[in-house]
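*Asks:* Whatever this is, show me its structure:
(one chain, ligands or ions: 1)
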Amino acid sequence: MAYENIRLEQEGAIATLFIDRPKALNALNTKTLQELESALKSLPADVRVLIVTGGGEKAFVAGADIAEMAALTDAQAQEFGALGHRVMAALEALPIPTIAAVNGFALGGGSELALACDFIYASEKAKLGLPEVGLGVIPGFGGTQRLTRVVGRARAKELIFTGDRIDAAKAKEIGMVLEVLPADGLLAHCRAVAEKIVKNSPLAISKAKQVIEAGADQDLRAANDIERKAFGDLFGSEDQREGMKAFLEKRPATFTGK
Ligand SMILES: C/C=C/C(=O)SCCNC(=O)CCNC(=O)[C@H](O)C(C)(C)COP(=O)(O)OP(=O)(O)OC[C@H]1O[C@@H](n2cnc3c(N)ncnc32)[C@H](O)[C@@H]1OP(=O)(O)O
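*Replies:* Numbers count the residues shown, from 1 in each chain. Now for the predicted structure:
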């Protein structure tokens, strides 16, 4: 399907989703969010890792579209926020790993989009932050919650209350970003990680993601119960039989995801 503000490129089992509206530094307006929602719902079934990045040289995503938001009534803002939340939740709920490749400004909704991915790699040029309070609002696409779960309450409050823009090294120091890469090596690094992932069992990866997410909001005992059941459930799958047989036969496994 052809989109105006996003672009999906697929190479084998790895797809890269570009937010591609460089004239507005990839800001998320309603149209872009709707296109994202549609693309996430209709990802080709053979995609096994999704990389999310920004088109153009300067930005990952410079936030929700301020020009559009400026005129919203409170009812319209509720709808806009709900659309943003649906997109972030759809991204988070994908059964495949998602990697944010933060190639430039990731502010407000841009940081929120990155935080909805499984993990974030950033280029040396990246600037991250949640500057919404400087616009008289708060993060509205899940940032108050997802950032807090990643960096802890005090750091999240510091970033959100000050609206500070932090560089990639600082974002790594506080645990928001996993690695900082030279700008021209960012996508190659993400693809190399994705290549490693696609060698493993898609079924097991999807289950691991589901268990990590489901357990995150539970106490340890309940979370471990979720893991125990999921571990057992994988036995008897083609991937489990193939993975263990291949090990015993000293050959690489060929997984089908079944
Ligand atoms: C629920 C979520 C809420 C939110 O996300 S609230 C928004 C949070 N984000 C921000 O507050 C960041 C806003 N943008 C900026 O502060 C600056 O941009 C940058 C620091 C990222 C870059 O500055 P520079 O290099 O000087 O570029 P430039 O001329 O400001 O931007 C180029 C064009 O991009 C448009 N643009 C940038 N960010 C947004 C945005 N978030 N919403 C709408 N448009 C945006 C500008 O206006 C301009 O456009 P033109 O060339 O027509 O003047």
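*Asks:* contacting residues around the closest residue to the ligand within the stretch 151-258 of the chain?
*Replies:* Evaluated by C-beta to the nearest ligand atom, the stretch 151-258 of the chain has residue 165 as its residue closest to the ligand, separated by 7.4 Å. Quick note: C-beta positions are derived from backbone N, CA and C, even for glycine. Neighbour list for residue 165: 107, 127, 128, 129, 131 [criterion: C-beta atoms under 8 Å, 6 or more residues apart in numbering].
*Asks:* Repeat the analysis, applying 6 Å as the threshold.
*Replies:* Taking C-beta atoms under 6 Å, 6 or more residues apart in numbering as the definition of contact, the neighbours of residue 165 are 127, 129.
*Asks:* ok, now residue 51?
*Replies:* Counting by C-beta under 6 Å, 6+ apart, residue 51 touches 16, 99, 101, 190.
*Asks:* hey, what's it bridged with?
*Replies:* On DSSP bridges, the residues paired with residue 51 through beta bridges are residue 16, residue 99.
*Asks:* ok, now residue 28?
*Replies:* residue 64.
*Asks:* Quick check: pLDDT value at it.
*Replies:* On pLDDT, residue 28 comes in at 98.
*Asks:* hang on, isn't it packed against residue 111?
*Replies:* No. Counting by C-beta atoms under 6 Å, residue 28 does not reach residue 111; the two are 11.6 Å apart.
*Asks:* Give me the more crowded residue out of those two.
*Replies:* Neighbours of residue 28 and residue 111, each counted by other C-beta atoms under 10 Å, are more numerous for residue 111; the result is 32 against 29.
*Asks:* Can you tell me which residues in the stretch 51-200 of the chain are near the ligand?
*Replies:* When proximity is defined as C-beta under 6 Å from any ligand atom, the stretch 51-200 of the chain approaches the ligand at 62-67, 84, 105, 107-109, 131-132, 135, 139-141.
*Asks:* residue nearest the centroid of the protein?
*Replies:* For the chain, the residue sitting closest to the mean C-alpha position, by C-alpha atoms, centre = their mean, is residue 117 at 1.5 Å.
*Asks:* can I assume that one sits in a helix?
*Replies:* No. Following the definition DSSP: H, G, I helix; E, B strand; the rest coil, residue 117 is coil and is not counted among the residues of a helix.
*Asks:* for it, what are its contacts?
*Replies:* 52, 98, 100.
*Asks:* make it 10 Å
*Replies:* Under the criterion of C-beta atoms under 10 Å, 6 or more residues apart in numbering, the neighbours of residue 117 are 50-52, 88, 91-92, 94, 97-102, 146.
*Asks:* and residue 116, what does it touch?
*Replies:* When contacts are counted by C-beta under 10 Å, 6+ apart, residue 116 touches 52, 84-85, 87-94, 98, 100, 141-143, 146.
*Asks:* Quickly find the element holding the nearest residue to it once chain neighbours are set aside.
*Replies:* Closest residue in space to residue 116, ignoring its immediate chain neighbours: residue 88 at 4.0 Å, by C-beta to C-beta, 6 or more residues apart in numbering. With elements delineated by DSSP states H and E, residue 88 resides in helix 74-92, which encompasses its position.
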